[in-house]
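Q: how would this look folded up:
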Amino acid sequence: MNENIFYLDAKNKIVDFLGENFDDFPIKLQNRFLNFFPKMVNYEEEGHKYRPRLLFTNNIDAVMRSLPSPFKIQLFRDDNENDFASRLKAMVPFTKDDWCIYISTDDESVTYGIFRNINSIKEQSLEDIIFRSDYLRDRDDKVFGIYAYAENAWAVTMKSIKGNEININFALDIKVMGNWDEEIDEFVEASFSKLKASAKKSVEVKTMFKNIFKSVMRNIHGTICVVVDKDYPESEFRDDFLDDGIWLEEPISFSKLYIQGQHNVEPKLNAMSDVFTRMLDVDGITVIDNTGNILAYNVFVEANQRTTGGIIGGARKRAAYTIINSKKKLIIGVYFQSHDGEMFYAPLKK
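A: Model (predicted):
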């Protein structure tokens, strides 16, 4: 018996979303996008894996005007959509360096290129700016924009300038896609719950942390970050439970850079963010306190059936639940991200 099974419901929902949020979306472009769509979760070129971000619009210049520091490079202009696949193939490698691909259509042509907002790591991300833009919202009957991206290995999110959003899930088992923004916001708030700073600096350092973890979500295949209470002595941080790792003699403090002033702060923030990201990419757990200080990385805990509560998953997930089930008073919460993109923040203490 030969049986074909199709995700027709997903296809129909995507088509409906395009029709509801982008007037006169070209049908040929729609078909080519649908063919490309399944590749977005695990796109690979010459051994390199990418999770490209695509913006479909009818007016890329209007989108650029919504950004405070835009930079756009147009790469192709075609009379029709026939070369969609080859154009994306040429542009996807740029997305590794935080560029977004745009496909802009009008009655005469299709233009392709890459763009980004040249901003500070402590400022809002490109997608946050676009989808909170009053300028674009006020023109959503004339300027259309649909942003498609994969944050993990099993789901693609599509957002529109009109404020609508859908998630397409490729997993065969039941994986409910949580609200990434809400989870990460709770984690970031916990990471700075005892930071003493002005309202402006507090917003900036929290935005920076959120941007770091957006990059982690897209580019790192798994991590655990544990937030501990700064008011507990170091001896309790480094008890038998968390001592197996690399503890920094002098914690890395993002907030100190703000206190020291703005001279050369941007390159220092970028450099420290790179170090933090590399720590999160190393096997084991990264430990920070609730003023955002980085205390340790490459930390391991011993997991067993009793401490994991029968959790099914890899070593990283068992380690996360070992920490969660430890009920240790000094632990504020646990950020977990698996190799396939499952992510959650579990608070232990408010």
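
Q: quick one: distance of stretch 238-253 to the chain centre.
A: Computed by CA atoms, centre = their mean, to the nearest Å, the separation of stretch 238-253 from the middle of its chain amounts to 27 Å.

Q: whoops, stretch 145-155 was the one
A: 10 Å.

Q: what of stretch 150-160?
A: Counting by CA atoms, centre = their mean, stretch 150-160 comes out at 10 Å from the chain centroid.

Q: got the end-to-end distance for that stretch?
A: 15 Å (CA to CA, to the nearest Å).

Q: can you confirm Ile224 is in a strand?
A: Yes - when DSSP: H, G, I helix; E, B strand; the rest coil is applied, Ile224 is found to be in a strand.

Q: how many neighbours does it have?
A: For Ile224, the neighbour count with other CB atoms under 10 Å is 22. For the C-beta atoms, the positions are set from N, CA and C on the backbone; glycine is no exception.

Q: try Arg132
A: Neighbours around Arg132, by other CB under 10 Å: 12.

Q: tell me the contacts of it?
A: Residues counted as contacts of Arg132 (CB atoms under 8 Å, 6 or more residues apart in numbering) are Gln124.

Q: which element is it on?
A: When elements are assigned from DSSP states H and E, Arg132 belongs to no helix and no strand.

Q: now swap in Phe76 and tell me
A: Applying DSSP H and E, one finds Phe76 within strand 70-78.

Q: so after that strand, what's the next helix or strand?
A: Strand 70-78 is succeeded, C-terminally, by helix 84-91 (DSSP H and E).

Q: packing partners for that next one?
A: helix 27-36, strand 70-78, strand 100-105, strand 110-117 (3 or more CB pairs under 8 Å, 6 or more residues apart in numbering; DSSP states H and E).

Q: kindly export the third one (C-alpha atoms) in CSV.
A: Included here for strand 100-105 are C-alpha records, laid out as CSV according to Å, rounded to 0.1, in the frame of the first residue of the first chain:
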residue,chain,number,x,y,z
CYS,A,100,17.2,39.8,7.4
ILE,A,101,16.2,39.0,3.8
TYR,A,102,13.5,41.1,2.1
ILE,A,103,11.3,40.3,-0.9
SER,A,104,9.5,43.4,-2.1
THR,A,105,6.9,43.2,-4.8
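
Q: now the helices: where do they sit in the stretch 151-300 of the chain?
A: In the stretch 151-300 of the chain, the helices defined using DSSP state H, counting those that start in this stretch lie at 180-191, 199-219, 234-237, 254-259, 265-281.

Q: closest one to Ala346 among those helices?
A: helix 180-191 (9.4 Å; CB to CB).

Q: residues contacting that closest one, please?
A: 151, 206, 209-210, 213-214, 217, 225, 227, 288, 290, 292, 332-333, 335, 343-345, 347.

Q: make it 7 Å
A: With contacts defined as CB atoms under 7 Å, 6 or more residues apart in numbering, helix 180-191 is touched by 151, 206, 209-210, 213, 227, 288, 290, 292, 332-333, 335, 343-345, 347.

Q: which of these are buried?
A: Neighbour-count burial (16 or more other CB atoms under 10 Å) applied to these gives 151, 206, 209-210, 213, 227, 288, 290, 292, 332-333, 335, 343-345.

Q: dump the residue contacts of Thr223.
A: Per CB under 7 Å, 6+ apart, neighbours of Thr223: 216, 280-281, 286, 337.

Q: Arg316 falls within a strand, correct?
A: No - applying three-state DSSP, one finds Arg316 to be helix, outside a strand.

Q: contacts only, for the residue nearest the centre of the chain.
A: Among the residues of the chain, the one closest to the centroid is Lys214, at 2.9 Å (CA atoms, centre = their mean). By CB under 7 Å, 6+ apart, Lys214 lies in contact with Ser125.

Q: now it: how far from Pro233?
A: According to CB to CB, to the nearest Å, Lys214 and Pro233 sit 33 Å apart.

Q: now Gln30
A: 60 Å.

Q: more neighbours: which of these two?
A: Remark: of Gln30 and Pro233, Gln30 carries more neighbours, 17 against 8, as counted by other CB under 10 Å.

Q: show me what contacts the residue nearest to Asp289 when sequence neighbours are not counted?
A: Distance criterion CB to CB, 6 or more residues apart in numbering; nearest residue to Asp289, sequence neighbours excluded, is Lys230 at 4.1 Å. Lys230 is in contact with 194, 289-291, counting by CB under 7 Å, 6+ apart.

Q: repeat for Ser120
A: Per CB under 7 Å, 6+ apart, neighbours of Ser120: Glu266.

Q: and it, what element?
A: Ser120 belongs to no helix or strand, assigned by DSSP H and E.

Q: who's in contact with Tyr297?
A: Applying CB under 7 Å, 6+ apart, the residues contacting Tyr297 are 245-246, 279, 282, 284, 286.

Q: beta partners for it?
A: With DSSP bridges as the criterion, Tyr297 is bridged to Ile246.

Q: just the pLDDT for it.
A: With respect to pLDDT, Tyr297 has a value of 95.

Q: please report the distance of it from Gly47.
A: In terms of CB to CB, Tyr297 sits 27 Å off from Gly47.

Q: how near is Asp9 to Phe37?
A: 14 Å.

Q: more crowded one of these two?
A: Using other CB under 10 Å as the criterion, Asp9 and Phe37 rank with Phe37 on top: 20 against 9.
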